[in-house]
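Enquirer: Model the following, please.
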Amino acid sequence: MPIPWLVVLQSVPWTEVIKNAPKVAEGAKKLWSTVSKKPPVQESQTGSSGASLLPESETIVVLQGRLAAMESAISELHDQMLATSELVKTLAEQNTQLIARIEANRIRVMWIAGATGVFGIVAVLGLAMAFMR
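Expert: This next block holds a predicted model:
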């Protein structure tokens, strides 16, 4: 079993994998730093019972502030989603390249196995004919 794995590992386009690895790692670091720096969203100090005790104009101001905070959070989540999707796209492209190379190697191995089988049969027949004389 080690030989097929060795063949597969030798046929991987390591130069492309290594060339793209910093991009993937940088994207992952950027995504992680963006996500890890964000504090968890906390509910505002004024609950629904507190809002009913405030005058109507103050309630509207508080609600507008909460709305602005929510819009900002949604915008940040959208940016994170885009960064994540870009990273996933890069990983998917690399995976596709690796699979294509593995498939090409599988076909080559089948051809080599067939050729080796044919040459083995020819060699055995040649030896048999040599001993029959």
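Enquirer: hey, let's count contacts and neighbours off CA atoms from now on
Expert: Will do.
Enquirer: what distance separates stretch 60-76 from the centre of its chain?
Expert: 33 Å (C-alpha atoms, centre = their mean, to the nearest Å).
Enquirer: Let me see the mean pLDDT of it.
Expert: Taken as a whole, stretch 60-76 carries a mean pLDDT of 91.
Enquirer: tell me which residues of it are tucked away?
Expert: With burial defined by 16 or more other C-alpha atoms under 10 Å, the residues of stretch 60-76 counted as buried are residue 62.
Enquirer: And stretch 81-97, by the same measure?
Expert: Neighbour-count burial for stretch 81-97 [16+ other C-alpha under 10 Å]: 83-84, 87, 90, 94, 97.
Enquirer: Export these as JSON lines, with columns for distance to residue 123, secondary structure and pLDDT.
Expert: Listed next are the buried residues of stretch 81-97 as JSON lines, based on distance: C-alpha to C-alpha, whole Å; DSSP: H, G, I helix; E, B strand; the rest coil; pLDDT from 0 to 100:
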{"residue": "83", "distance to residue 123": "59", "secondary structure": "helix", "pLDDT": "83"}
{"residue": "84", "distance to residue 123": "57", "secondary structure": "helix", "pLDDT": "82"}
{"residue": "87", "distance to residue 123": "53", "secondary structure": "helix", "pLDDT": "81"}
{"residue": "90", "distance to residue 123": "49", "secondary structure": "helix", "pLDDT": "80"}
{"residue": "94", "distance to residue 123": "43", "secondary structure": "helix", "pLDDT": "80"}
{"residue": "97", "distance to residue 123": "39", "secondary structure": "helix", "pLDDT": "81"}
